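1. structural data only, the sequence is not supplied:
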């Protein structure tokens, strides 16, 4: 009896040890302190390089409460939930390698970066004071966040743009230019400090998916795909984190409807043995976002592993990811990545659909668009933006394959977040190399990450 009890204890210990451990999650205060520190570091390193790369010596950002510029929202201190009244921020590069001047045309400092530069007693009109600050520095190019194609770089309102041009003298008004590339560069560039934390952010997202795609959540024949969707939402909230989009969970099976279209959501289904289960899920933590699509197989009675044809289909999807990430080069455009990857995939007999995108401060982030699900021949303008070093991407794609065993086509949908350092592309916290199994099998690690 003692031997049997010891065996049971050891078996339970091994089972618990095999379960994913949720990484440490910072308190709100710790997150705020971290983000404020990152902001100061980014203004010491990222912004000077970007302004000099783009030939901009002044960057002016104007926004107001409840109508915040997407860029300005990333510049505010962690204790600010949004802009206050009309918020005016100026960044001036005096040149000759001197430090940037960062000013707030406001009654108070805006965090530790932007220092108060408006005395309302001396000059009651905020707009006139803004014009004075600009004229005193006499910049050659005054960049504002205005863009026809990149929404995240189009933060200045029509009124604010017109008003700025009005208050500036003609010679300075003529120097106002679009800061499109400056805004995109700010949003897309990741720093070493951010990337250290990003790995753990991704690990949290992966751990939540592992929990959701397990017998701890799924009872085949009872649990629905919508049950799993709401588990993802509730579990994320329980951890004190946010989701930036409503998750998707769907199934493909030997019998049932054909592939659903991307223009709508799949119907709720009761999860059954033999199903191929897929999710699309993203969290927000420390001001950074994840976007992940992974897959699981629901074991039939007597099965201990996924069928070989599904394993092979999943591996072909991984191959498609490799074909894309192997082509990353500095200066390569999103359209060039899209078209060259599609050509290489088709040469290997893969039927690809590629719709990858930058990620970081926003889930669908600023930077080069690498295909859209309904634009596989290239994306005008956004797809022509080039790849720069120190940028992060969601490698999002699928391939369609006919399975004789199912007598139908199956779509393998994958998405994992990675980082391009200028020389090498690597996944931030690895990727799903093998299908999850539900229920888990003893000794099955169900994930290899690289």
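-> The structure has been received and is ready for your questions. Just so it is clear, the structure is predicted and the values come from calculations on it, not from any experiment.

2. all helices of the stretch 301-450 of the chain, in order?
-> Here the stretch 301-450 of the chain has its helices, by DSSP state H, counting those that start in this stretch, at 308-325, 334-347.

3. please disregard the earlier target; I meant the stretch 151-300 of the chain.
-> Applying DSSP H, counting those that start in this stretch to the stretch 151-300 of the chain gives helices spanning 158-167, 170-173, 180-188, 192-212, 225-238.

4. hmm, who's touching the second one?
-> In this structure, residues lying in contact with helix 170-173 by C-beta atoms under 8 Å, 6 or more residues apart in numbering are 131, 134-135, 138-139, 142, 165. (Glycine included, C-beta is placed from N, CA and C.)

5. which one among these gets closest to residue 254?
-> residue 142 (62.3 Å; C-beta to C-beta).

6. residues near the closest one, how many?
-> Residue 142 sits with 23 neighbouring residues when counted by other C-beta atoms under 10 Å.

7. between the helices of the stretch 301-450 of the chain, which gets nearest to residue 404?
-> Smallest distance to residue 404 across those (C-beta to C-beta): 7.8 Å, for helix 308-325.

8. for that closest one, list every residue counted as buried.
-> By neighbour count with 16 or more other C-beta atoms under 10 Å, helix 308-325 contains the buried residues 310, 313-314, 316-318, 320-321, 323-325.

9. tabulate these (TSV), appending distance to residue 371.
-> Below are the buried residues of helix 308-325 laid out as TSV (distance: C-beta to C-beta, whole Å):
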residue	distance to residue 371
310	25
313	21
314	21
316	18
317	15
318	18
320	12
321	13
323	13
324	9
325	14
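
10. export the helices of the stretch 301-450 of the chain to JSON lines and tack on mean pLDDT and distance to residue 181?
-> Below are the helices of the stretch 301-450 of the chain laid out as JSON lines (pLDDT from 0 to 100; distance: least, C-beta to C-beta, whole Å):
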{"stretch": "helix 308-325", "mean pLDDT": "98", "distance to residue 181": "24"}
{"stretch": "helix 334-347", "mean pLDDT": "98", "distance to residue 181": "14"}
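
11. can you lay out those as CSV showing distance to residue 215?
-> Below are those laid out as CSV (distance: least, C-beta to C-beta, whole Å):
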stretch, distance to residue 215
helix 308-325, 19
helix 334-347, 35
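
12. closest to residue 121 out of those?
-> For the helices of the stretch 301-450 of the chain, the distance to residue 121 is smallest for helix 334-347, at 50.8 Å, taking C-beta to C-beta.

13. OK, contacts around residue 155?
-> By C-beta under 8 Å, 6+ apart, the contact list for residue 155 reads 61, 63, 68-72, 145, 183.

14. just those: which are in strands?
-> Among the contacts of residue 155, the residues falling in strands (DSSP state E) are 61, 63.

15. out of the helices of the stretch 151-300 of the chain, which is the most enclosed?
-> Counting by mean count of other C-beta atoms under 10 Å, helix 180-188 has the highest mean neighbour count of the helices of the stretch 151-300 of the chain, with a mean of 24.

16. just list what that one packs against, helices and strands only.
-> Contacts defined by 3 or more C-beta pairs under 8 Å, 6 or more residues apart in numbering; DSSP states H and E place helix 180-188 against helix 28-54, helix 70-73.

17. pLDDT of that helix, averaged?
-> Per-residue pLDDT over helix 180-188 has a mean of 98.

18. what does stretch 157-169 give?
-> For stretch 157-169, mean pLDDT is 96.

19. likewise stretch 70-80?
-> Average pLDDT, stretch 70-80: 94.

20. how far off centre is that stretch?
-> 17 Å (C-alpha atoms, centre = their mean, to the nearest Å).

21. return the residues in contact with residue 88.
-> 60-62, 104-106, 126, 130.

22. nearest to residue 375, of these?
-> Closest approach to residue 375 among the contacts of residue 88 (C-beta to C-beta): residue 61, at 31.0 Å.
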